[in-house]
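[1] Need the 3D shape of this:
(one chain, ligands or ions: 1)
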Amino acid sequence: MSKNTSSFTCTACGAAHRKWNGQCEACGGWNTIVEEGALSSGPKGSLAKGRSIPLTDLATQGAAPPRASSGISELDRVLGGGLVAASAILVGGDPGIGKSTLLLQAVSAFANKGLKCLYISGEEAAAQVQMRAERLGLTKAPVGLGAETNLRDILTTLDRERPDLAVIDSIQTMWLDTIEAAPGSVSQVRAAAHELVTFAKKKGVSVILVGHVTKEGQIAGPRVVEHMVDTVLYFEGERGHQFRILRAVKNRFGAADEIGVFEMTGGGLSEVTNPSALFLSDREKATAGSAVFAGIEGTRPMLMEIQALVAPSTLASPRRTVVGIDGARLSTILAVLEARVGITFAGLDVFLNVAGGMRVNEPAADLAIAGAILSAREDVAIPPDMVLFGEISLSGALRPVSQMENRLKEAAKLGFTQAVAPRAAKVQSQAGMTLREMSDLTAFVGEMFGAG
Ligand SMILES: [Zn+2]
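    Below is the predicted model:
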């Protein structure tokens, strides 16, 4: 082997670099680049003629892929309607967020539905997994449990057992004896994932790979294998909150952006079938700085409370603090309010937060964000039975958003009686609900908060 086979790879995003650098240019992470031996590019020599591969036409040969239901509807929804046979799924998340709990419950649920399931733990001894199963009340589920990190032994076991589903917890602990790198390094994690995904496709076994999100250092994060799998799910939540969100960020067999909502309880994770009610449950009556956003998460409507606090600042450049919302979105909305409506936030700190540890990515949340900020600034409460949604353009116009009727329907279901929304053709209000359509931000401010 020549000396130039080592390369520099980012452990956070997997980008390859020619030399070491303090910061990764691809993802912006600090101290994430490590030196590693290159993956083998195969034996050198003349390029022998390969065999010709069979070709077919574009028409599908069969029906949709068969799916297995776990009976945990929040999980099945995120998977796109159940587990697809021979699929490879990555479940990423921060250490300690509850991934092992979720997957032990999931694998038990699939096993109880008649699937042959294996749970391979490289993180914990079998006894520790058994103790967790005991705590979760899952000891009766017919799951085969193994504690191993050597991938050659694991693949041999999988080949002998031929399960329908194998959970590998976690991909960072697995190692191949053919690769000269430490477990957890980018090359080991990639090679192990590649072997497992290839095995899944070839032998018709579904695999779920668990991946810990790592902040920095020598351990490769789940992003380095995202491109190899069919489905990428992230398990999110704030440690202080009991809610956990399972979010699909990629799914070859279903809608991306779909979420499942769970609640962490003493007996494990329980599914939350009516998240809107939960996220609004501890809302106080008519408080200034609070607005309820009628959002869409994946394929379902969900109501969330947006909270704002506006206070005089002692700093030369006032604070703009966000939790659960993109900071750039807040800056844009503040700039539009200033330029188009003449409301300035100079000298004022602005804090913005989504209640319950939720995260909002939709532009449709703009109007509720603006409503919460203005309500906090003017100290005027938005009626507690009102929902808001609509995208704010840079001109200050309110733009229609998708699924307006579904948003209104969800709000009506939860007892809201007023909605503020962008003016749009052919939107039916719901029974018992007053729909106030507005075309721009100036009209919204005038109607809700007086002249501003
Ligand atoms: Zn990077």
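[2] how about the helices in the stretch 151-300 of the chain?
    For the stretch 151-300 of the chain, the helices defined by DSSP state H, counting those that start in this stretch cover 151-161, 186-203, 275-280.
[3] Of all those, which one is nearest the ion?
    When the helices of the stretch 151-300 of the chain are compared by C-beta to the ion, helix 186-203 sits nearest the ion, at 10.4 Å. Backbone N, C-alpha and C define where each C-beta goes, glycine included.
[4] Flag every buried residue along that closest one.
    Judged by neighbour count using 16 or more other C-beta atoms under 10 Å, the buried positions of helix 186-203 are 186-193, 195-197, 199-200.
[5] Next: stretch 248-257.
    Ala248, Asn251, Phe253, Gly254, Asp257.
[6] With stretch 66-79 instead?
    Here stretch 66-79 shows Arg67, Ala68, Ser69, Ser70, Ile72, Glu74, Leu75, Asp76, Arg77, Val78, Leu79 as buried, counting by 16+ other C-beta under 10 Å.
[7] Just give me the neighbour total for Leu309.
    Neighbourhood size, Leu309 [other C-beta atoms under 10 Å]: 16.
[8] can you check the one 4 residues further on too?
    Using other C-beta under 10 Å as the criterion, Ser313 is surrounded by 15 other residues.
[9] ok, it - contacts?
    Arg319, Gly347, Leu348, Asp349 (C-beta atoms under 8 Å, 6 or more residues apart in numbering).
[10] Ok, Leu280 next?
    Val292, Leu303, Met304, Glu305, Ala355, Leu414.
[11] Show the residue spans covered by the helices in the stretch 351-452 of the chain.
    According to DSSP H, counting those that start in this stretch, the stretch 351-452 of the chain carries its helices in the segments 366-378, 404-413, 441-449.
[12] Ok, which of these comes nearest the ion?
    helix 366-378 (30.2 Å).
[13] what about the residue in the stretch 151-300 of the chain that the ion sits nearest to, neighbour count?
    Taking C-beta to the ion as the measure, the stretch 151-300 of the chain has Arg223 as its residue closest to the ion, at 8.2 Å. Number of residues near Arg223 (other C-beta under 10 Å) recorded here: 20.
[14] mind starting the numbering at 28 from now?
    Will do, 28 is the new start, and the previous item becomes Arg250.
[15] Not counting its neighbours along the chain, what's nearest it?
    What sits nearest to Arg250 in space, not counting adjacent residues and going by C-beta to C-beta, 6 or more residues apart in numbering, is Cys40, at 5.2 Å.
[16] just the strands in the stretch 178-327 of the chain please.
    Along the stretch 178-327 of the chain, counting by DSSP state E, counting those that start in this stretch, strands occupy 192-196, 233-239, 258-263, 270-278, 286-292, 295-298, 317-324, 327-339.
[17] Let's have those in TSV, adding mean pLDDT and distance to Asp467.
    Below are the strands of the stretch 178-327 of the chain laid out as TSV (pLDDT from 0 to 100; distance: least, C-beta to C-beta, whole Å):
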stretch	mean pLDDT	distance to Asp467
strand 192-196	96	52
strand 233-239	95	45
strand 258-263	93	35
strand 270-278	90	33
strand 286-292	89	31
strand 295-298	91	41
strand 317-324	92	18
strand 327-339	92	20
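[18] So the nearest residue to Gly120 once chain neighbours are set aside versus Gly238, what's the distance?
    In this structure, Gly120 finds its nearest non-sequential neighbour in Phe262, 3.6 Å apart by C-beta to C-beta, 6+ apart. Using C-beta to C-beta, to the nearest Å, we find Phe262 at a distance of 10 Å from Gly238.
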